[in-house]
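> okay, here's the prediction I keep looking at, along with the sequence it came from:
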Amino acid sequence: MAQFPSFRASEKSYSPLTVNDADLVKFGDSVSANRVVITIYKEDLDIFLKEKIDPSLDFDLLQQTDLITFQNKIATANDKTLSADQIALYNVIQENVEDLDGHILNIKSIDYDNATLDDFINMHFIAESVPASQGHFPLFKVKYHQALKQLNAVSDKKRVLLENEKFIEAERLTIIEEKLQIRANTLKTKFQDARDSTNINYNIFKENQIDPVQHIYAKDNGELYFVNESALQFNTDAAVVNTEFAATFFGPLRVNFGTVLSTGSNDEVAVMDPTTPIVEEVKVSEESKQRLITGGGNTYLGLELPLLYYSSHRFTFFGYMRGRMSLELDDFSDDVDTSSGVLSSTGHMVLAINSDDRAFNFYVQASYGAYTGASAFRERLGVEEKVFDFGLITAGVTIKDSMRISVNLKPISSQNQLTDGKFTLGIQFLPNLFKI
């Protein structure tokens, strides 16, 4: 609805700025600048050393043996020589890995150039050991989603075993499933803490902007969301229910489809027009005015393009353009005798403030734009011009990212009959019931 911003300031999801084709964090870009100590399990490194250098090598031996001695050993035993890449890997591990407690190892510095070790760390490092700071946000996002994929894979396999009555094998997977669930929960907390400490800026006029859809709408690319939002706005003369049935994305452009159902206690309200030499009464349908606040029409196809966005833990600022094509249908409104079309183009600015626990998000939104439509649509609003302006200011609060309560202040328009009206209350639910 026009008086409700469609983004969700209390639950944002941002894409990492440095991810390679394998969906892994590139440590040299995102982590090593902070000289982070990465923690891994010793048993994982032992397997890695045996696969990548020699089956006889493990971390204990690597600690006790210099490279020349080890090369001589495998040359004597197996008539084997190490490649240049294996030698480089041997040296970087020996120089940078330390034994922490016999079970967990620390990589003291990851300021190196070795793709093989980089890939290994991506898969095996213990992300829970890294501080949840702003600089580590890309890392936690990737590792959290990796943990979810692993958890889902184990859960699916366990489900198949239970269906086939293989209860012992399923019980073993239960232990693994519980460990993965604990890890996913820990990473989720780290991810959220790192996210909340991160200030995000987005400007469509600047280059190298990454995933504005996820920044602003907390949505995933390529997914279609059904019954995304449902809202009721009302005053003593009319009520409108707006349901956004579906929304999807084309790059930064958000496309949505929905319906507006309205009803009114009386058909028309007489408004005095002081702009004419002789004071006249202009008949305005309060029900049509309430639909106008939503963008007009009973069914609509809308486009939203974000222009500016800034978000921190406390504040969110958001500017976007909206275009909408609507139909006012006589079967769906009490005040409509003739169906008509409506077009609108509006600009929106939103300022929001989050509470400490992000359970409450207080916002003010200003919107203003141009509207046009068939003569029947304009007659119900008492407008003679083919194109007219209309805007309003809305204030409200989002509660736990699931419900909004708002109030529309006095509208803004060069059409005096549209600026005279009652305050409108609104209640919006954000269920995201289905997505495919």
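Structure's in. What do you need? Numbers count the residues shown, from 1 in each chain.

> quick one, strands of the stretch 251-400 of the chain?
Taking DSSP state E, counting those that start in this stretch, the strands of the stretch 251-400 of the chain run over residues 253-264, 269-273, 280-284, 299-311, 315-328, 340-354, 360-373, 387-399.

> same check, this time on the stretch 101-250 of the chain
Counting by DSSP E, counting those that start in this stretch, the strands of the stretch 101-250 of the chain are 104-107, 200-203, 225-234, 238-250.

> quick one on the thing from earlier: Serialize the strands of the stretch 251-400 of the chain to JSON lines and add fields for mean pLDDT and distance to residue 53.
Yep, even glycine has a C-beta here, placed from its N, CA and C like the rest. Putting those into JSON lines (pLDDT from 0 to 100; distance: least, C-beta to C-beta, whole Å) gives the following:
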{"stretch": "strand 253-264", "mean pLDDT": "84", "distance to residue 53": "50"}
{"stretch": "strand 269-273", "mean pLDDT": "50", "distance to residue 53": "84"}
{"stretch": "strand 280-284", "mean pLDDT": "59", "distance to residue 53": "82"}
{"stretch": "strand 299-311", "mean pLDDT": "87", "distance to residue 53": "46"}
{"stretch": "strand 315-328", "mean pLDDT": "88", "distance to residue 53": "50"}
{"stretch": "strand 340-354", "mean pLDDT": "90", "distance to residue 53": "50"}
{"stretch": "strand 360-373", "mean pLDDT": "92", "distance to residue 53": "53"}
{"stretch": "strand 387-399", "mean pLDDT": "92", "distance to residue 53": "55"}
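
> what's the closest of those strands to residue 136?
Smallest distance to residue 136 across the strands of the stretch 251-400 of the chain (C-beta to C-beta): 17.9 Å, for strand 299-311.

> buried stuff in the closest one?
With burial defined by 16 or more other C-beta atoms under 10 Å, the residues of strand 299-311 counted as buried are 299, 300, 302, 304, 306, 307, 309, 311.

> that strand pairs with which strands, parallel or anti?
Strand pairing for strand 299-311, using DSSP bridges, gives strand 200-203 (antiparallel), strand 253-264 (antiparallel), strand 315-328 (antiparallel).

> host element of the most far-flung residue of the chain relative to its centre?
In terms of distance from the mean C-alpha position of the chain, residue 76 ranks first, at 58.1 Å (C-alpha atoms, centre = their mean). Following DSSP states H and E, one finds residue 76 within helix 67-78.

> coming back round to it: tell me the one of the buried residues of strand 299-311 nearest residue 68?
Looking at the buried residues of strand 299-311 and their distance to residue 68, the nearest is residue 311, at 54.7 Å (C-beta to C-beta).

> any idea how far residue 256 is from the closest one?
Distance, residue 311 to residue 256, using C-beta to C-beta, to the nearest Å: 21 Å.

> between the strands of the stretch 251-400 of the chain, which gets nearest to residue 121?
Smallest distance to residue 121 across those (C-beta to C-beta): 30.0 Å, for strand 299-311.

> centre of the chain to that closest one, how far?
14 Å (C-alpha atoms, centre = their mean, to the nearest Å).

> how far off strand 340-354 does it point, in degrees?
Interaxial angle, strand 299-311 versus strand 340-354 (axes from the mean of the first three to the mean of the last three C-alpha atoms, to 10 degrees): 20 degrees.

> now the phi/psi pair for residue 84, please.
Backbone torsions for residue 84, taken as degrees, to the nearest 10, come to phi -60, psi -40.

> and it, what pLDDT?
As predicted, residue 84 sits at a pLDDT of 89.

> tally of neighbours for it?
As a burial measure, residue 84 scores 7 neighbours (other C-beta atoms under 10 Å).

> so it versus residue 91, what's the distance?
Distance of residue 84 to residue 91, computed by C-beta to C-beta: 11 Å.

> same thing with residue 414?
75 Å.

> just put the strands of the stretch 251-400 of the chain in a markdown table and tack on distance to residue 241.
Listed next are the strands of the stretch 251-400 of the chain as a markdown table, based on distance: least, C-beta to C-beta, whole Å:
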| stretch | distance to residue 241 |
| --- | --- |
| strand 253-264 | 5 |
| strand 269-273 | 21 |
| strand 280-284 | 21 |
| strand 299-311 | 13 |
| strand 315-328 | 15 |
| strand 340-354 | 18 |
| strand 360-373 | 20 |
| strand 387-399 | 17 |
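
> nearest to residue 118, of the ones you listed?
Comparing the strands of the stretch 251-400 of the chain by C-beta to C-beta, strand 299-311 comes nearest, at 30.7 Å.

> out of the strands of the stretch 251-400 of the chain, nearest to residue 71?
For the strands of the stretch 251-400 of the chain, proximity to residue 71 was assessed by C-beta to C-beta; strand 299-311 is nearest, at 54.0 Å.

> and the helix or strand containing residue 418, what's buried?
In this assignment (DSSP H and E), residue 418 forms part of helix 416-419. Across helix 416-419, burial judged by 16+ other C-beta under 10 Å covers 417, 418.

> same deal with stretch 343-355?
Applying a neighbour-count criterion of 16+ other C-beta under 10 Å, one finds 343, 344, 346, 348, 349, 350, 351, 352, 354 buried in stretch 343-355.

> how far does that stretch sit from its chain's centre?
Its chain's C-alpha centre and that of stretch 343-355 lie 17 Å apart, by C-alpha atoms, centre = their mean.
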